[in-house]
Structure formats: structure tokens, C-alpha cells
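*Asks:* Here's a sequence, model it:
(chains A, B, C and D)
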There are 4 protein chains.
Amino acid sequence: MTDDSDSETDADGDGTASADETADADDRVPVLLVKGDREYLIQPGGEQGTDLGVLEVPEDVQPGDTIETHLGEAFRVRRLRGPDLFHQFERTGAPMVPRDVGLVIGETGVSQGDRVLDTGTGTGVLAASMARAGAEVVTYERDPEFADVARENMKLGGVDDSVDVRTGDLTEEIDALEPSSFDVLTLDTGDAAAVVEHAPDLLVDGGFVAVYSPFIESTREVVAAAREVELSNVRTRETIQREMQFDDRGSRPSTAPVGHTGYLTIARNV
Amino acid sequence: MTDDSDSETDADGDGTASADETADADDRVPVLLVKGDREYLIQPGGEQGTDLGVLEVPEDVQPGDTIETHLGEAFRVRRLRGPDLFHQFERTGAPMVPRDVGLVIGETGVSQGDRVLDTGTGTGVLAASMARAGAEVVTYERDPEFADVARENMKLGGVDDSVDVRTGDLTEEIDALEPSSFDVLTLDTGDAAAVVEHAPDLLVDGGFVAVYSPFIESTREVVAAAREVELSNVRTRETIQREMQFDDRGSRPSTAPVGHTGYLTIARNV
Amino acid sequence: MTDDSDSETDADGDGTASADETADADDRVPVLLVKGDREYLIQPGGEQGTDLGVLEVPEDVQPGDTIETHLGEAFRVRRLRGPDLFHQFERTGAPMVPRDVGLVIGETGVSQGDRVLDTGTGTGVLAASMARAGAEVVTYERDPEFADVARENMKLGGVDDSVDVRTGDLTEEIDALEPSSFDVLTLDTGDAAAVVEHAPDLLVDGGFVAVYSPFIESTREVVAAAREVELSNVRTRETIQREMQFDDRGSRPSTAPVGHTGYLTIARNV
Amino acid sequence: MTDDSDSETDADGDGTASADETADADDRVPVLLVKGDREYLIQPGGEQGTDLGVLEVPEDVQPGDTIETHLGEAFRVRRLRGPDLFHQFERTGAPMVPRDVGLVIGETGVSQGDRVLDTGTGTGVLAASMARAGAEVVTYERDPEFADVARENMKLGGVDDSVDVRTGDLTEEIDALEPSSFDVLTLDTGDAAAVVEHAPDLLVDGGFVAVYSPFIESTREVVAAAREVELSNVRTRETIQREMQFDDRGSRPSTAPVGHTGYLTIARNV
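*Replies:* The predicted structure follows:
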């Protein structure tokens, strides 16, 4: 899943089944060590200095275990979950919030066995979340330093085997990609429209494009491109969420609702 | 999956994990046969009568194949995707829309290796979608006939191995369930509050509850129950979506926005 | 107007300001004649054929009276109210809904003694509503036939003395208008930005501009123009309304919410 | 317009016409004196100490005039507008925002000649705004100190002749009010449902009730009461507003939208 990737190909070539991978993954996937507000994401076998002492994490650590620092402070071991990525990943920009990750996954049906083409990687929360749902993801990030951070984040998320972070501009690499080799195309860049034009070539029959754009102008370009290449069911939705308040006085929407994040455009290659 | 990618193509051709999984899965998982507006979800090895003739689907059918009816009408073979479940499943009530499926998955991080406890099953779109993201799901449906339909739907969705549809009332079965054995609890019933009371017992440390309620009164009960048993980060959101319109005159929200579906309450066992 | 209130009743009877005004106005202002779903807006002294016979309305008709057709069918007399304009006016396009009329009035404070410059008139609901709140309104309508309909509508609304419907294009008439002679400028045309440029000249110190635009592109132009001429407190809001449902099952937002009407941009000449 | 009110009745009894009142009002209505961010609402003939010296306002002051303090600092004279009330009134609680004032006025059509019954007064922004649109308003405030502040605010707003602020609980005064003597009933109290029960008695045929409630539970009670007494067109709307942002990058809803204020229930006595 890396871009040179002999060793990777070999690793994949072992032909581990999904269940096997999960079992193996449980050994390799970092776990959360938690005490009150303190949370550390640590690889099995790794160690971490904290203000409460050093944590050494055994190779066979299991969620539910308790581990003490060398100063005797007890931390509980917890499995990493998707929403934790949002807080644990090193940020190179505002990461996609769990709600929007969910909308992309729900509207495109990203799941096991899917091959996803993603750009731009950014912090990598979306790519990692799709990998956690079983997809193999190729993701492009223009900024080499951001790409390095994203690769570290994929390790943190335990999905470095499933996410291939490539440094570069997807719009310049499209011709080199195998036609009809992706089930889903997820775009979160200002020039998404230039990629959407190639969606019919890149996607399998029935595959989905999901484009996330903060601004209406770029959203409009995306919709125009999707129509131009005759994708189907092109639709754009703005999602507004209201936090609800329940107290002794009664129930009502919050006076401080959740703000705009972006427009989500979905289209299908049928 | 790489951009140069002879080796990758070879790798895909001779059995990388991803391809293998897909191939194995494809043997069991039904495929969509599509011609214009006609769509049939059929098991490999099965057959289906249509108004354009009988379709016989070979055991080794692959997405991208073309299959003709005995009258010579060509259908294309497409992989089933999550949003297709919404249209293909037999309904015993209004199924959860892809957006809400996504919000549940995004906010709880349902992914590979998760054990999910779900009620009420209903049409089963949420249970099947979580299974497609890699979870093992136990789901309760009170109505025996609805449960039978849901079991058939799980087969249609190719997830009958991962979803255990149980006929019964979860509130009466809680004591029989193993403590701390679930990562996520998803509730879509009027008496969800009665289950939420048991969430700290049922969930692993760090696990999530997601409750979907159309009405504010039952939502309020759920929030009260979650606070009573000291779940953390209890929050309820109403999701409003606006379909956007782009035409020659300009860009604007649709005059016919997407309606209310339900309040989603999320809480965490920490 | 008092709670004991003989003197009040007397006062009303012998001419308090309020009662006098109403009485005078009632001589001229059409009244609604209502029977079930049938509603007719008729001038005092006028007559109207209906499927239940001819209604003759006396000059001294008062709200609360009952009037029979020549066939003996009784209609009740009701005062015209603002929201009735929406239904009673002859339409030359989609009239502004009561909610948006209210937002314009609320955000600009249109009230007694105000001089308002308005374009384009359209059906005239906004102009008539502002006149009913006490403003003197000059309104421009490009289409001569629409302007004629609007003039008839002003008579129907009893505000033809307060609303001057001019046939023409406001952008061509600006130089002929007296500087600083308007308290409020209300714009509902595609080229509103071209008028906004002149707002500082047209408005008194502290006066308001309100622009109603269905599309984001023209809204953007309006905002740019307002900033260019240094109006203050420039802000644009989209209004979303949810109809609430209350029934035996509980309370929730409607599954069929109120759609988008337009963006409302407000700015102040300070 | 007061409840004992001989002098008031006499004053009204002069029979000043609307136009006259406006002319007279211009002499009496306070004006805004503005310099940069400094704004003072002062009666003609009054004086005001400021950190820039004392302002003496002549009886014949006119909007557009410039007035200097005794230290020679120039202030501009501006007419008071509705949205200014929100900032200038002394507050005894959160005053109704201009948007909600507008929605009440728009949905009920409050205008010249209307008699409005209002409770609870609070800061008095709604009562004053309706008076500015030409209505005679009777408003009840339970708290005697709040009522005193509201009376001062009515003077500040130049509408003390049109707004009768009564200290007391409307629910205990209903029987003393003249039947069918109000065109509009505006309620902003927790026990609004108890007043709505009497709406058919208090309102003229075709009159409107508008109830503003922050919580869903009290809103539900209001709707139940309105249905019980067979008011028509009972509907409740939640208003959500999104502030739009326009900058060099593009156009989008703000990430900090306008929060919930209240549910507005409208019903009609037909």
C-alpha cells in the first residue's frame, strides 16, 4: 500500500484474510492509556513519558487492562475509536469532524473491500476512518511535511497498512492511475472540480464521488463538473446541526448551535 | 493501487489481501444486476425472473461483468454499496436514511472488530451498514415477522454471518448478556431510555451509545437516563440538511429542504 | 382600552385618536367579507357577485357586522390584516411571505413617519405592509402592467394614499430623487447592487438598506457594493424555519420544513 | 392609555389625527445624539452629561442637525429607529431581538389602528415596536420594578401615549377586559397557555395570537390550548438564521450561526 512498496506488496501478498488482519492488528494497533483527562495513544511494546511517570506498554496489552507508570499511577487501557482520531492525530489543519466523516461514509457506503482514492489528506482523519471501516485508501497530499505527519498519524491510527499516503498533486497523477480501479473518490481540496472531471474513468460502475467544500463557489464548480461528465444523482447538501439543551426549565435547541463546516456534494458513476 | 503500478496490478491479480477478501466476499455477497432503472440484487449462483427474461448469475460473477437474460437483454453487474441497502431491502418500516447511518457510524466510530448491540432492528439498514464496516452486530427485533424479514435482508446484504438478528425485547434480555462485551450500543426504539440505564454494564470502557429518537420527549428521557448512570459527553443533536440548487440564475438552498428524521443522542462510557 | 372601561368605551365612541383614525380609515379601507372558506375584499359602498348571491357593502360597514347576500347568505365582516394581503392581492409573481415582510420591518424598524424607497414592487405586499405600519412608500416597478396591478393592490389594501407606485427602473431615476430623503431603502431586484451604491446619498443618517435576494451570487454583489460605499453593520442572513409538530406521540420538527425564500442583507448608513 | 387615566383619556380625547400625532411626536420623541460609538437618547429640551461635555438639546431639534457639547464636541442628531430600542432601552431581562419583533409583526400584521394586548412586558421592545407601527398596546408586567423601567423605556421610545404598561398578572385580569376588544394578542410568559384559552373571547374575529416560548414543553401547552379553544391555523415555527460570510476565498455560512431564541406559535381567531 505504499508507493514503492515491495515489502508492502509482500505483506499484503501473504493473503491474510480480514479476520486475520484484525487479530494481527490488535497486536499492532496503538491503544489509548487513560487517566482522568490524560490520554496517550501508544503502540503495544512502546513507552511514553508522562507527568505521572513513564508508561511501558506490554506487547500483549489488551483493552480493559490497567497499567501503572513507574511511579505507580494507574492508567486504564482503552481501544482506539474513530472519534478519538480527531483528538489524537497531530494536526496540519482543521481535521474533518466525526459528523462529516460519518456523512461521507454513510452517503458513499464506504466499507470492507472498498478501494478509495482520496485528496487532500490533511490531518488524515477521513482516510484513517475509511480504513478503519475496511477500505484500502490511496490519498494524496501536496505538502511533503503534511504528508509525513499524515503517515505518522496513520501509524498512530493503526491503519498504515491500509492507507497509502502519497506526496503529490492528484490532478497531475490521474493519468497514471488504473482506470475503474476505485469504488469511492473523496475530495477535500480547492480544485476538486478538476478531479471530478475524471471520476467516470477512475470509478467502477456504481462508484461514488464525495466532495467536501467550505465555499459555495467551489461547490458550484464541482457540481458543474459532475454534470458535465454525466455523473448521476448529483446533489449538494449543507448540514446544520443544533445541539439540544435539556434542563429543569425545559427542552430547547442550544443558543450556541454547531457552525457550518462545509457543503457535501455526492454523485454516482451510473 | 500505485501509480506506476505494474507490480501492484500483478499483486492485485494474484491475490493481495484486499483482492482476496473481495474475491471471497464476492462468492457469497449478492451483486446488483442493473439495466437502466431496473436493479436486482441476486446471489452468485442464483437466478431471477424479470420482465426482460430470466437472469442466471454464475458462481464466479464479478462486478463489471455483463450478463444477458435468456432473451438476450444485457444487464451490468455492480457491487452492492451501503446506500443501495436503503432501496433494496424489504421494508418493515421506514429504514434509516444513509445520512443517519453515517452520523451513527461517524459519531461512534463503528469499524472493524467492533461488537455492536442494536435494537430495534426494523428493516435492518443500520445493522447491515455497521456489519459492512466490519462490526459484529447483535440486534433485537420484537416483532417475529419483522425479524424474519430482517434476517432475509442480512442475507441480501451479504452480512448474515456478521449480524445476529434475535427475536425479542432487549430490555428483557439484558441480564443474559455478557457485561462489558460491546463497543457500541445503537438504539432506535421508543423505550431506549430503559436500555441506556444499562449502558455502563454492557459497554467496554470508552464505548459509545447512540440513540435515534424522532420525538423530543423520548429524547429527553434518554438524556436523563444517560446522565443518571453517569455516561460522559452526553449530547443531542438535531440535523438539518439543505439541498442546494445550482442553475443558470445562481446558487441557493432548495425551496424544498430535507425534513426532520430524528434527534441523535450520543454518550460515552468513560 | 382600560379594563373597567366605561370611559374607554365612551372615549372610543366619541373620538379618541385611535378610534377616529380607525373610523376614518374604515370608510376607505376595504373590508373582508368571510363565510367559511370564501373571502372577498370589498370597498365600503361597493358590491360583489358571489356564487351565493350579490353582496352589497354599506358605506358605514364595520368589522364584526354581518351582511347577507341578496339570496340571504350571511357573511361576516372582518378587518383586513397584513397576512391577508398575501392571499388577497392579485399576483404578478410570488409575493413576499409574511415572515419575510416581518424580517424586513423588524430589522429596519419601519414605522410611522418613515419615508421608504422600494424596488421592485412586484405584487406589492412589502410596500403595502410598510405603509400599513405608517410609512410613506415610493416604489418602482419596471413592468407597466405589473405596476398597474400593484396600484390596484394598493387600493385593495387601503394604502393607495401612502404608496406611490412608479413605473420605471429605479437605477435610472436615482439622480432625480432628493438626497437624504429616505429612512429606509428596500430592494428586491436582481440588480440591487447598483442601487446599494447610492444608498449613502439616498438615506438619512442612520437609515437602513434591506436587500432580499434569492441567490448567493447577487447577494455577494450586494455585500460588496455596501462595503464599497462604506455602509455599516453589513450582514446577510439566511432564515430557515422549521414547522413543529405536536401530536399524541410527542413533539418534533416537521418532516416537511419551510423552504428557502431568500437571503436578507441589512446595512446601515452610519 | 393608563388604567386610571383621566388625563390620559383627555389627552387622547383631543382627537389628534395620526398625521398630527406624528408631527407633535417629532417635537416630543427623543432623538439619538451620535458621535462615533457614543449614542445618547435625549428628549428635545433635555440635557445630558457626557465625557465630552454637556449636551443641551433644543426643543426644535431635527434629525440631521449637529449639536455641540459645551466643550465644543459635535454630535449628530439622528431619528430613533426600531432596532435602536434594542440597544437603548434599560434592560430588565434579555429584550426581544429585532428579528423576532419582525416575525411577530409580520405574522400578525400589526399596524396602524390595531389594539394589541401584550404580556409580559419585560424590557418592552416588542410593545414599543408595535406602538411605533401604529398600534395601541396594553401590556402587563408582574414585577412592579420592571414595569417602572418599562414605562421609562416607553418614554425613551416616544410611545408612552400608545403603550399602557400595567403592573399585574394578565391571567388574573382577563375577566375585567372588554370582550372582542383586541386585534392581536402577544404573549411572552411561561404561562401563556392560560391566556390562550381566553383568546377567542379577547380577540376580534380574524385577530391573531402570537406566543413566543423558549422551551418546547410550554410551546406544546400553548398549542394544546389553542386547539382546545378552536383557534385556526395553529402553527409553531422555530427560526434558525445563518449569518453568511463573504470574503476573498468565497461565500459560505458563518461557522458561528445565530442561536436559538424561541419558538413562535401563531394562531388565528377564525
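*Asks:* for the stretch 151-270 of chain A, which spans come out with low pLDDT?
*Replies:* Low-confidence segments of the stretch 151-270 of chain A (pLDDT under 70): A:256-258.
*Asks:* Just the buried positions in stretch A:75-87, please.
*Replies:* Of all the residues in stretch A:75-87, those buried under the rule 16 or more other CB atoms under 10 Å in any protein chain shown are A:75-86. No exception for glycine: its C-beta is placed from N, CA and C like everyone else's.
*Asks:* So which of those residues is the closest to chain C?
*Replies:* Closest approach between the buried residues of stretch A:75-87 and chain C, by CB to the nearest CB: A:P83, at 25.8 Å.
*Asks:* Quick one: residues contacting the closest one.
*Replies:* By CB atoms under 8 Å, 6 or more residues apart in numbering or on different chains, the residues touching A:P83 are A:98, B:106-109, B:208.
*Asks:* among these, which are in strands?
*Replies:* The strands, defined by DSSP state E, take in B:F208 from the contacts of A:P83.
*Asks:* Format the contacts of A:P83 as JSON lines; extra columns: distance to chain D.
*Replies:* Converted to JSON lines, the contacts of A:P83 look like this (distance: CB to the nearest CB, whole Å):
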{"residue": "A:P98", "distance to chain D": "17"}
{"residue": "B:G106", "distance to chain D": "19"}
{"residue": "B:E107", "distance to chain D": "19"}
{"residue": "B:T108", "distance to chain D": "24"}
{"residue": "B:G109", "distance to chain D": "24"}
{"residue": "B:F208", "distance to chain D": "26"}
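*Asks:* okay if I get the buried residues of stretch A:75-87 as TSV plus pLDDT and secondary structure?
*Replies:* What follows is those, written out as TSV (pLDDT from 0 to 100; DSSP: H, G, I helix; E, B strand; the rest coil):
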residue	pLDDT	secondary structure
A:F75	96	strand
A:R76	95	strand
A:V77	95	strand
A:R78	94	strand
A:R79	93	strand
A:L80	93	coil
A:R81	95	coil
A:G82	94	helix
A:P83	94	helix
A:D84	94	helix
A:L85	94	helix
A:F86	93	helix
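*Asks:* So which of these is the closest to B:V29?
*Replies:* A:G82 (24.0 Å; CB to CB).
*Asks:* Return the distance of the residue nearest to the closest one when sequence neighbours are not counted relative to B:A210.
*Replies:* Of all residues not flanking A:G82 in the chain, B:G109 sits nearest, at 2.4 Å (CB to CB, 6 or more residues apart in numbering or on different chains). Separation of B:G109 from B:A210 (CB to CB, to the nearest Å) stands at 10 Å.
*Asks:* Same question for A:A267.
*Replies:* Taking CB to CB, one finds A:A267 at 28 Å from B:A210.
*Asks:* neighbour-wise, which of these two wins?
*Replies:* A:A267 (27 against 24; other CB atoms under 10 Å in any protein chain shown).
*Asks:* so A:A199 touches A:N269, yeah?
*Replies:* Yes - counting by CB atoms under 8 Å, A:N269 is a contact partner of A:A199 at 6.1 Å.
*Asks:* so what's in contact with these two at the same time?
*Replies:* A:207, A:209, A:231.
*Asks:* what touches both of B:G109 and B:A210?
*Replies:* In terms of CB under 8 Å, 6+ apart, B:G109 and B:A210 are both contacted by the residues B:V184.
*Asks:* so how far is the top strand by length along chain A off the chain centroid?
*Replies:* Assignment by DSSP E gives strand A:232-247 as the longest strand of chain A. Remark: strand A:232-247 is offset 20 Å from the chain centroid, using CA atoms, centre = their mean, to the nearest Å.
*Asks:* Of the shared contacts of A:A199 and A:N269, just say which sits nearest to C:L156.
*Replies:* Distances from C:L156 to the shared contacts of A:A199 and A:N269, taken by CB to CB, are shortest for A:L231, at 49.7 Å.
*Asks:* For chain B, see how far away that closest one is.
*Replies:* Going from A:L231 to chain B by CB to the nearest CB, to the nearest Å gives 14 Å.
*Asks:* what's the distance between the nearest residue to that residue once chain neighbours are set aside and chain C?
*Replies:* Excluding its sequence neighbours, the residue lying closest to A:L231 (CB to CB, 6+ apart) is A:A267, at 3.8 Å. Per CB to the nearest CB, A:A267 is found 21 Å from chain C.
*Asks:* again with A:A210
*Replies:* Counting by CB to the nearest CB, the separation of A:A210 from chain C is 22 Å.
*Asks:* most surrounded residue in the contacts of A:P83?
*Replies:* That'd be B:F208 among these, by other CB under 10 Å, with 29 neighbours.
*Asks:* Look up how far D:V137 lies from the residue nearest to that one when sequence neighbours are not counted.
*Replies:* Leaving aside its sequence neighbours, B:F208 sits nearest to B:T108 (CB to CB, 6+ apart; 4.0 Å). For B:T108, the distance to D:V137 equals 52 Å [CB to CB].
*Asks:* Fine, thanks again, bye for now.
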